[in-house]
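[1] Provided below are the primary sequence and the corresponding predicted coordinates.
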Amino acid sequence: MSKLKVVIWGLPLYTHTHSFIHASFYKAFGHIGCETYWFHSGNYPDPSIFDYSNVLFFSEGYADDSIPLVESATYFIHNSIDPSKYVNKGLRLVDIRFNVKEINDLNYSFVLDKSKLKSIDSVTLYDPNADDTVLADAKQKNIFGYEAVYMMWATNLLPEEFNFDDRFLKREDKFYFIGTLGGSPALEMQKVVNTLQRLNIQWININPWQNPCTFEENMELMKRSIISLDVRGSDAYHTNSDGKLELNGKSVTGGNHKKIGYIPCRLLKQISYGRMSGTNSVAVKELLGDYVIYNDDESQLPIDCLDFEKNPNYDLVFEAMKHVQQNHTFINRANALIKIFNREI
């Protein structure tokens, strides 16, 4: 039996923060034995010299320029904001959407009814009869007859790359934050920073747009940081004169990850690196239970994390790492897509 051929399309590594998702899928598909490639519009083989038939394509709606359109291929497109590109040509499209309670932004506008979807695994849901009514009003074209999968990202580590001794590492007296502070969750992070400054703990911010970190650099900083946490934002401070921010006649939720239940890969990575991570998201707490430290008050959250680090429960960290190892790697996510590709649902 021939190997499944997978083509990751677009966003070369370090050109966009989403390129790390592409890199993780590229790594995972290759690891499980797929014939895997990574092309983009500026560098790809012509169909006359490369066989794109029966390919599982993985791409993104803002990065699928020049993607070869082949009748026998299947297109898994995250943020598929123009499904007509595929559906009108009779191609098989699977829209990759965020597994969240609701969202209303420039791309999507929906409230998720999970009871109407098929479960691929504990965090991946499938809709065999998708349409574009879930898109933002400006992007709807009355397109139907395609599929959708609702999923979340994962840690970049392969299961065998977990080092359970990392939970015993000595931490630095510094807090490392790799990410941007413009927009959401700027105010929530400022509360964290204020607490750390009050405690005379140095805070170091690395902007990945200005100074991209490799996977290895990111992992080492997360291991060394005095505490490990992920802070989700709210749109509460992005308001107009009436105290509301609206889009499509509805309250904007795109940046309000606390409300919509977005599950960040950052936190799953931190756990896989041997950390007990803190969160201000009740959705993360509901998903991971005792494997995270939860506090909705971002001023108190770092204190709770520091208290844990003073007397860490290494057995609990081990359990958390095992849970992520078994359920939240990109091997899990790749296998879910393969089930859909093979129609094993």
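    Structure received. Residues are numbered from 1 along each chain as shown.
[2] next SSE downstream of the one helix or strand Q270 maps to?
    Using DSSP states H and E, Q270 maps to helix 265-272. The first helix or strand that comes after helix 265-272 along the chain, using DSSP H and E, is strand 277-279.
[3] that next one packs against which elements?
    On a contact count with 3 or more CB pairs under 8 Å, 6 or more residues apart in numbering; DSSP states H and E, strand 277-279 meets strand 229-230, helix 265-272, strand 292-294, helix 301-310. C-beta: built from backbone N, CA, C; applies to glycine.
[4] in the last one, what counts as buried?
    By that I understand helix 301-310. L301, P302, I303, C305, L306, F308 (16 or more other CB atoms under 10 Å).
[5] if I look at the spatially most central residue of the chain, how far off is F25?
    Centrality entry for the chain: nearest residue to the mean C-alpha point is W153, 3.6 Å, by CA atoms, centre = their mean. Remark: distance between W153 and F25 (CB to CB, to the nearest Å) = 9 Å.
[6] return every residue with contacts to both of these two.
    Common contact partners of W153 and F25 (CB atoms under 8 Å, 6 or more residues apart in numbering): F330, R333.
[7] list the contacts of the residue nearest to V55 when sequence neighbours are not counted.
    Spatially, and ignoring its direct neighbours in sequence, V55 is nearest to A73 (4.5 Å; CB to CB, 6 or more residues apart in numbering). A73 is in contact with Y52, S53, N54, V55, L56, F57, L91, R92, counting by CB under 8 Å, 6+ apart.
[8] host element of the closest residue to P212 other than its chain neighbours?
    Excluding the flanking residues, the one nearest P212 by CB to CB, 6+ apart is Y14, at 4.5 Å. Using DSSP H and E, Y14 is not contained in any helix or strand.
[9] likewise the one 3 residues further on?
    Per DSSP H and E: T17 is located in neither a helix nor a strand.
[10] how much space between it and P128?
    From T17 to P128 the distance is 31 Å (CB to CB).
[11] cool, E102 as well?
    Counting by CB to CB, the gap from E102 to P128 is 22 Å.
[12] which of these two has more residues huddled nearby?
    For the pair E102 and P128, the greater number of neighbours falls to E102 (16 against 13), based on other CB atoms under 10 Å.
[13] hmm, the more buried one is touching F110, no?
    Yes - shown here, E102 and F110 form a contact pair, counting by CB atoms under 8 Å, at 6.7 Å.
[14] shaky segments in the stretch 201-345 of the chain?
    235-252, 254 (pLDDT under 70).
[15] going along the chain, name the helices of the stretch 51-200 of the chain.
    84-87, 186-198 (DSSP state H, counting those that start in this stretch).
[16] nearest to I338, of these?
    helix 84-87 (19.2 Å; CB to CB).
[17] now that closest one: how far from the chain's centre is it?
    25 Å (CA atoms, centre = their mean, to the nearest Å).
[18] and that helix, which residues are buried?
    In helix 84-87, counting by 16+ other CB under 10 Å, buried: K85, Y86, V87.
[19] which strands and helices lie in contact with that helix?
    By 3+ CB pairs under 8 Å, 6+ apart, helix 84-87 packs against strand 92-98, strand 144-151.
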